[in-house]
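Q: Turn this into a model:
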Amino acid sequence: MADLAQERDDGSTRVRHGLTQVRDGLRAYRLISGMWIRSLMSYRLSFAMTALGNLAVTAFDFVAILLMFSQVDRLGGYSLSEIAFLYGATCTSFGIADLALGSMDRLGKRVRDGTLDTLLVRPAPVIAQVAADRFGLHRLGRVTQGALVLVYSLVVLDIGWTPLKVLMVPLMLLCGAGIFAAVFVGGAAFQFVAQDAAEVQNAFTYGGTTLLQFPPTVFAKDLVRGATFILPLAFVNWIPALYVLGRPYPLDLPTWVAFTPPLVAAALLALAGLAWRTGLRSYRSTGS
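A: Next up is the predicted model:
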């Protein structure tokens, strides 16, 4: 009985310690990002121009889709409004993750030049400091552009709405942001080993976003399988979005799989957190 009570106490202590770390991390993230936001707001015109420029640049992706549809009526069996739905959901989810964690790709540079050491001695979680470093509020342009396309698609699409389909849209955006956040953190953890892997990370973040903007029917089935079972980016929008659109998934998955993105996002975030802790423990500094 005494051993059981001791195990309970140890478990409670670990939970409290974990919650304290999360609270400290969120506080550090808020303070550091707030500092960068105040810095940006010192030059409001410059910020506005940068945000609008970011919105315009990301909008060219959708312009390219519009140009495709000036030559064809359907792409992979999907109409413009359906692809706009896929595009808007993907860009909004990715934009949220990029806004919160887009600075993670700078970790490789910090590892190479030794500036990561300065973060290790501060009384705040390293991941919060890396994520909030040079917080780019101008990235709101990407979120705004994606949300506008998503709203447009929801207005023009003829969907037989049910309570589950209505719930699926915000759930898809939140879980998609969580999945992309896991990819950002996992890619940053890989940079502890590779030290110069920002482009590898971008291949799965920005590249994954581009992939998901188009329906799975335009890609080879092996690629669709990889995006479903190996790196499950399909759960960002393909699987839940096709449920909303009433479309079958190319791999003949059961309908209930459309409701699993929260589980996939939670699992990927847990794995990314484990990879981050492993990478941070393996870091040996520059020796200077």
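
Q: which residue ranges form the helices in the protein?
A: 2-41, 44-69, 80-101, 107-113, 116-120, 126-132, 140-156, 163-194, 198-212, 221-225, 238-245, 261-282 (DSSP state H).

Q: and residue 253, which of the ones you listed is closest to it?
A: helix 238-245 (7.1 Å; CB to CB). The way it works is simple: take the backbone N, C-alpha and C, and place the C-beta from them, glycine included.

Q: picking that back up, which stretch among the helices of the chain comes nearest residue 251?
A: Comparing these under CB to CB, the one sitting nearest is helix 221-225, at 6.4 Å.

Q: Next one, pLDDT for the most centrally placed residue in the chain please.
A: Against the mean C-alpha coordinate of the chain, by CA atoms, centre = their mean, the closest residue is residue 180 at 2.3 Å. As predicted, residue 180 sits at a pLDDT of 96.

Q: And for residue 172?
A: 95.

Q: tell me the contacts of it?
A: 89, 93, 236-237, 240-241, 244, 261 (CB atoms under 8 Å, 6 or more residues apart in numbering).

Q: Give me the buried subset of the residues you listed.
A: Among the contacts of residue 172, those classed as buried by 16 or more other CB atoms under 10 Å are 89, 93, 236-237, 240-241, 244, 261.

Q: Can you add pLDDT and give the residues you listed back as JSON lines?
A: Output for the buried ones among the contacts of residue 172, formatted as JSON lines (pLDDT from 0 to 100):
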{"residue": "89", "pLDDT": "96"}
{"residue": "93", "pLDDT": "96"}
{"residue": "236", "pLDDT": "95"}
{"residue": "237", "pLDDT": "93"}
{"residue": "240", "pLDDT": "95"}
{"residue": "241", "pLDDT": "95"}
{"residue": "244", "pLDDT": "95"}
{"residue": "261", "pLDDT": "96"}
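
Q: Any chance of CSV for those residues, columns distance to residue 54?
A: Putting those into CSV (distance: CB to CB, whole Å) gives the following:
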residue, distance to residue 54
89, 19
93, 17
236, 21
237, 21
240, 27
241, 24
244, 28
261, 27
